[in-house]
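# Sequence first, predicted coordinates after that:
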Amino acid sequence: MANASGVRERIVDGGVIAILRGIDEERIASVARAIHEAGVTALEVTADGERTGAKIAAVDRELAGTDAVVGAGTVLDPAAAQSVVDAGAEFVLAPDCNPAVIRACNRRGVVSIPGVMTPSEAVTAVEAGADMLKLFPATTVGPGHVGALRGPLGDVDVVPTGGVSPENVGDFFAAGAVAVGAGSAIVDGDAVAAGDAEQIRETAAAFVDAVESARTA
């Protein structure tokens, strides 16, 4: 397991977190493999279903020895944070800003990425020790909100999530995002259901290409 600084660097270097939501335990490892082969190095397993720990462990095993970092999302309380970290999560995301979750992550040395929208939430998260901020839902407020948050907070890392697509990802990076989170735009649900690894790779690769183009524009 990489240290928190190393995990954060991998997220920033890759520029995208793929959100693996609602994928069966039997399929999640092969899906993660296909997405990683497409160039995604940060993968989030959401903790909003059953056997989250087993899914995280399965993805960890599948991608062991690679440059991938595996985290957990939709983590709403300290107990859930403790559980996913025990299962191997190296970063923890939440849709909300809960200082208790942030502190639980800090105690275990894993990257915490709470969800924020307002400046007050952002300040609360930073003061609690958050490593990065998840702007969620990003398309509700638009790319300009990234700069609005970073203005009073300096060089805080903002990760827009929610509605980010190949068509708008460039606007978020231009506004100052360090990475983005994406679910259906990068994880092809139909291909997952069909077990079509090649299509999963193609969809993920197209998103990665859009991110790389946005960051070099």
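Sure, I can see it.
# Just the CA atoms of stretch 140-149, as CSV, please.
Extracted in CSV, the C-alpha atoms of stretch 140-149 (Å, rounded to 0.1, in the frame of the first residue of the first chain):
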residue,chain,number,x,y,z
THR,A,140,-25.2,21.4,-10.8
VAL,A,141,-22.8,24.4,-10.3
GLY,A,142,-20.6,24.0,-13.4
PRO,A,143,-16.8,24.4,-13.9
GLY,A,144,-16.7,28.0,-12.7
HIS,A,145,-17.4,26.7,-9.2
VAL,A,146,-14.0,25.1,-9.1
GLY,A,147,-12.3,28.4,-9.2
ALA,A,148,-14.8,29.9,-6.8
LEU,A,149,-13.8,27.3,-4.2
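# Where do the strands of this structure begin and end?
Assigned by DSSP state E, the chain shows strands spanning 16-20, 42-46, 69-73, 91-93, 111-113, 115-116, 133-135, 158-160, 180-182.
# Quick one: find the helix or strand in the protein with the lowest mean pLDDT.
Least confident helix or strand of the chain, by mean pLDDT, DSSP states H and E, is helix 144-153 with a mean of 86.
# Does anything pack onto that one? Which helices or strands?
In terms of contacts (3 or more Cβ pairs under 8 Å, 6 or more residues apart in numbering; DSSP states H and E), helix 144-153 is packed against helix 119-128, strand 133-135, strand 158-160. Any C-beta I mention is one placed from the backbone N, CA and C, and that applies to glycine too.
# out of these, nearest to residue 197?
Closest approach to residue 197 among the helices and strands packed on helix 144-153 (Cβ to Cβ): strand 158-160, 26.9 Å.
# Check which helices and strands that closest one sits against.
The contact analysis (3+ Cβ pairs under 8 Å, 6+ apart) places strand 158-160 against strand 133-135, helix 144-153, strand 180-182.
# What strands flank it, and is each parallel or antiparallel?
Sheet pairing of strand 158-160 (DSSP bridges) gives strand 133-135 (parallel).
# and the strand it pairs with, average pLDDT?
For strand 133-135, the mean per-residue pLDDT is 97.
# just how off-centre is it within its chain?
Once both centres are worked out by Cα atoms, centre = their mean, to the nearest Å, strand 133-135 turns out to sit 10 Å from its chain's centre.
# So what touches that strand?
By Cβ atoms under 8 Å, 6 or more residues apart in numbering, the residues outside strand 133-135 that reach it are 93-95, 113-117, 122, 125-126, 141, 145-146, 149, 156-161, 177, 181.
# same thing but at 7 Å, please
Strand 133-135 is touched from outside by 93, 113-117, 122, 125, 145-146, 149, 156-161, 181, with contacts defined as Cβ atoms under 7 Å, 6 or more residues apart in numbering.
# mind checking how far residue 173 is from residue 187?
In this structure, residue 173 and residue 187 are 20 Å apart, going by Cβ to Cβ, to the nearest Å.
# which one of these two has more residues nearby?
Each of residue 173 and residue 187 has its neighbours counted (other Cβ atoms under 10 Å); residue 187 has more, 25 against 22.
# Please report how far the spatially most central residue of the chain lies from residue 174.
Geometric centre of the chain, nearest residue: residue 17, 3.8 Å, by Cα atoms, centre = their mean. Distance of residue 17 to residue 174, computed by Cβ to Cβ: 19 Å.
# Buried ones in the least confident helix or strand of the chain, by neighbour count?
Within helix 144-153, the residues that count as buried by 16 or more other Cβ atoms under 10 Å are 145-146, 148-150.
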